[in-house]
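**Q** dropping a prediction and its sequence here:
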Amino acid sequence: MPINIDIAYVARLARIDLSDEELDRYRDQLGVILDHAARVQQLPTDGVRPTSHPLSMVNAFRPDDVRPSLERSVILDQAPATEDGYFRVPPAMET
Amino acid sequence: MTDLTDLTVRQAAELLRSGETSAVELLEAVKEQAARTEAELHAYLTLDQEGARAAAVAADESFGRGEDLGPLQGIPVAVKDNMVTRGVETTAGSQVLAGYTPPYDATVVKGLRAGGAVLVGKTNLDEFAMGSSTENSAYGPSRNPWDTDRVPGGSSGGSAVTVAAGSALAALGSDTGGSIRQPASLCGVVGMKPTYGLVSRYGLIAFASSLDQIGPITRTVEDSVSVLETIIGHDPMDATSYRGEAPEFRSGLDEGVSGIRIGVVRELSGEGIEPDVLDAFTRQVDRLSDAGADIVEVSLPSTEYALSTYYLIAPAECSANLARFDGVRYGNRVDGGTVEEMMARTRHAGFGPEVTRRVLLGTYALSAGYYDAFYGQAQRVRTLVIADFTEAYANVDALVSPTSPTTAFALGARTQDPLSMYMSDICTIPSNLAGDPSISVPVGVDAKGLPIGFQVMAQALGERMLFRVAAEVERLAEFRRLPSRKVAP
């Protein structure tokens, strides 16, 4: 399968702002890596179940108990911008 | 006078208990060693001067009260900087987290503190543990103490260097595709990846969650056991952590390999392995045979596809895990007119080239139209790799291979060619896909005098067998040399 990467679209999905020069470079590098990685497609896997976790595990239940969490101020202390006890970010929509 | 920085954990523990040295003296010795070597080796990102001093004093006071907290009490230990430490800067080697001071300790760090260990500092790593040379650190590379023009391996390169160079007596690393074992191999120390889930990942800054595992880097196999005993156990804060009884593994150390069946993995012990590495490996297998092990050749046909599988699964998981670095809750921010612009600029400025490459790769592999061809197929191939291991372990007790196809390579030699860098982990990746424990033990040096590692693998929760074989490998190799301390006075 020829690998045709719309790298600008991928960068947008990944929320990484890249220059045109960077986009070209990453498109080329991803092409080489994916060409190699595409070898997995050669293996017949009909009827093989995918592995999402290396060990067979059952659901990890715990009691639904209220437990203390970190203080709000301790958490906000690490944020780049806060206001009135909240994280502050630029507008999500144009106003 | 014994050079305290040459000691193993066990030897140091004996001196501490006999009163011949103190935790404060040990700490001073490794700090002096760090002061001598750091300008050249750059193994540490942060030294926790006050915290380490207080911990050493506390350990000595505890000894004074006749308490015994276990084998790490009073021992100077280094921690890879992708494990969070309360009040001590934790960057994961990334610009995006520069200045981040976590408000809590990772469970392994809590375990070390409870065991009386003295946390010397946080070690250098490839950014977010992505790399095989520690050259991807946003804070500059670490250097190999055996030859400072060469890489220490990665991504736990800083941790491996502290142990090899004597600026810590033991260290923690994390291993997603070989990031404990490969640098241990390149630096001539012991690196161990436990069974997936045996050690809590709570507080480990996640790279690829289904592969990541924390483990010890030490000078001896026995020290590896001591560190693992200290950090092991179920943790309610990590839903993937193992809930059963932790296996006992110390008692196998003196049992030897007589009557043990050891499989040499054909696919990992031939083509692509440097001749000197292969020679050292083969000699070691012969010694195991002479010591009474039954050596058989084993084929794991799917391992041929392990590297490709890994480079689809790991980036896919990393693209999801690293979504949290968006400039909102912690770390650095680059402003923008809208929240999306702010996030995209923050991530562009904060992530280095390797992290960007893998996030893009993972985003692509998970995107609509490609998910099944890449990620879905990789997960099915992962099942085949695991099945190969399961089949092998029906006939053998342990598997062996070289740890790394080459010895330490020159700084810069592979940075322009991602694929050649990815090949560095070809022998270590399969056991991450399987979730099985594995260990690298140094067994000799190549013609250039650079260390060579020997990998032992065992089945999940087979730590007892793993350490049993590894201890015998160590005994037979008689490799106990540390690099000469010629690095800058």
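**A** In hand now; what should we look at?
**Q** now do the spatially most central residue of chain A, the pLDDT please.
**A** Residue closest to the average C-alpha location in chain A (Cα atoms, centre = their mean): residue A:14, at 7.0 Å. Looking at residue A:14, its pLDDT reads 98.
**Q** what sits against it?
**A** With contact set as Cβ atoms under 8 Å, 6 or more residues apart in numbering or on different chains, residue A:14 has these partners: B:319, B:347, B:359-360, B:363. (Glycine included, C-beta is placed from N, CA and C.)
**Q** mind giving me the ChimeraX command for buried ones among these?
**A** This is how ChimeraX selects the buried members of the contacts of residue A:14, with burial counted by 16 or more other Cβ atoms under 10 Å in any protein chain shown:
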select /B:319,347,359,360,363
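**Q** right, and the helix or strand after the longest helix anywhere in chain A?
**A** Longest helix in chain A, counting residues (DSSP state H): helix A:20-37. Remark: after helix A:20-37, the chain's next helix or strand is helix A:72-76, criterion DSSP states H and E.
**Q** which residues sit against that following helix?
**A** A:82, A:85-87, B:103, B:329.
**Q** in chain B, what helix or strand scores lowest on average pLDDT?
**A** Using mean pLDDT, DSSP states H and E, the weakest-scoring helix or strand in chain B turns out to be helix B:418-422, at a mean of 84.
**Q** any residue of stretch B:214-222 up close to chain A?
**A** No: Stretch B:214-222 lies out of reach of chain A by Cβ under 8 Å from any Cβ of the partner chain, never closer than 15.0 Å.
**Q** in three-state terms, label residue B:259 for me.
**A** When classified by DSSP: H, G, I helix; E, B strand; the rest coil, residue B:259 comes out as coil.
**Q** tell me the confidence at the residue lying closest to it once chain neighbours are set aside?
**A** Take residue B:259 and drop its neighbours on the chain: the residue closest to it by Cβ to Cβ, 6 or more residues apart in numbering or on different chains is residue B:292, 6.4 Å away. Residue B:292 carries a pLDDT value of 98.
**Q** can you check the one 3 residues further on too?
**A** The confidence metric pLDDT takes the value 98 at residue B:295.
**Q** what's the burial count for it?
**A** 17 (other Cβ atoms under 10 Å in any protein chain shown).
**Q** and residue A:43, by the same measure?
**A** For residue A:43, the count of nearby residues is 17 (other Cβ under 10 Å).
**Q** for it, which residues are in contact?
**A** B:302, B:305, B:377, B:381, B:384.
**Q** those: which two are farthest apart?
**A** Comparing every pair within the contacts of residue A:43 by Cβ to Cβ identifies B:302 and B:377 as the most remote, at 12.7 Å.
**Q** could you find the closest non-adjacent residue to residue B:295?
**A** Of all residues not flanking residue B:295 in the chain, residue B:289 sits nearest, at 4.8 Å (Cβ to Cβ, 6+ apart).
**Q** so how far is chain A from the one you found?
**A** 31 Å (Cβ to the nearest Cβ, to the nearest Å).
**Q** swap in residue B:211?
**A** In terms of Cβ to the nearest Cβ, residue B:211 sits 8 Å off from chain A.
**Q** could you look up the SS state of that residue?
**A** Criterion first, three-state DSSP; result for residue B:211: coil.
**Q** surely it and residue B:176 touch.
**A** Yes: taking contacts as Cβ atoms under 8 Å, residue B:211 lies within contact range of residue B:176: 4.7 Å.
**Q** before we move on, the earlier item: and the contacts of residue A:43 near chain A, which?
**A** B:302, B:305, B:377, B:381, B:384.
**Q** what number of residues lie near the nearest residue to residue B:22 once chain neighbours are set aside?
**A** With sequence-adjacent residues excluded and distances taken as Cβ to Cβ, 6+ apart, residue B:22 is closest to residue B:60, at 5.0 Å. When counting by other Cβ under 10 Å, one arrives at 21 neighbours for residue B:60.
**Q** cool, and the one 10 residues further on?
**A** The tally of other residues near residue B:70 (other Cβ under 10 Å) stands at 14.
**Q** residue B:456 falls within a strand, correct?
**A** Yes: applying three-state DSSP, one finds residue B:456 inside a strand.
**Q** residue in chain A nearest to chain B?
**A** Relative to chain B, the nearest point of chain A is residue A:54 (2.7 Å; Cβ to the nearest Cβ).
**Q** in chain B, what residue is nearest chain A?
**A** Closest contact between chain B and chain A, by Cβ to the nearest Cβ, is at residue B:435 (2.7 Å).
**Q** how much space between residue B:461 and residue A:55?
**A** Residue B:461 sits 9 Å away from residue A:55, going by Cβ to Cβ, to the nearest Å.
**Q** same deal with residue B:66?
**A** Residue B:66 is 41 Å from residue A:55, by Cβ to Cβ.
**Q** between those two, which one's more packed in?
**A** Ranked by neighbour count (other Cβ under 10 Å), residue B:66 and residue A:55 place residue A:55 first, with 18 against 6.
**Q** nearest spatial neighbour of that one, skipping sequence neighbours?
**A** Per Cβ to Cβ, 6+ apart, closest to residue A:55 is residue B:435, 5.2 Å.
**Q** quick check: that neighbour touching residue B:459?
**A** No: with contacts counted by Cβ under 8 Å, residue B:435 stays clear of residue B:459, the gap being 9.8 Å.
**Q** among those two, which residue is more densely surrounded?
**A** A count of neighbours by other Cβ under 10 Å puts residue B:435 above the other of residue B:435 and residue B:459, at 26 against 23.
**Q** ok, the more buried one - contacts?
**A** Listed by Cβ under 8 Å, 6+ apart, the contact partners of residue B:435 are A:54-55, B:195-197, B:386, B:460.
**Q** swap the cut-off to 7 Å and go again
**A** Residue B:435 makes contact with A:54-55, B:195-196, B:460, according to Cβ atoms under 7 Å, 6 or more residues apart in numbering or on different chains.
**Q** how about the residues you listed in a markdown table, adding pLDDT?
**A** Output for the contacts of residue B:435, formatted as a markdown table (pLDDT from 0 to 100):
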| residue | pLDDT |
| --- | --- |
| A:54 | 83 |
| A:55 | 80 |
| B:195 | 97 |
| B:196 | 96 |
| B:460 | 95 |
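**Q** how about these in JSON lines, adding distance to residue B:165?
**A** As requested, the contacts of residue B:435 are exported to JSON lines (distance: Cβ to Cβ, whole Å):
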{"residue": "A:54", "distance to residue B:165": "33"}
{"residue": "A:55", "distance to residue B:165": "36"}
{"residue": "B:195", "distance to residue B:165": "29"}
{"residue": "B:196", "distance to residue B:165": "30"}
{"residue": "B:460", "distance to residue B:165": "33"}
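**Q** between those, which is nearest residue B:296?
**A** Nearest member of those to residue B:296, counting by Cβ to Cβ, is residue B:460, at 20.7 Å.
**Q** quick one: the closest one and residue A:53 touch, right?
**A** No: counting by Cβ atoms under 7 Å, residue B:460 does not reach residue A:53; the two are 11.9 Å apart.
**Q** who has more neighbours, those two?
**A** A count of neighbours by other Cβ under 10 Å puts residue B:460 above the other of residue B:460 and residue A:53, at 24 against 12.
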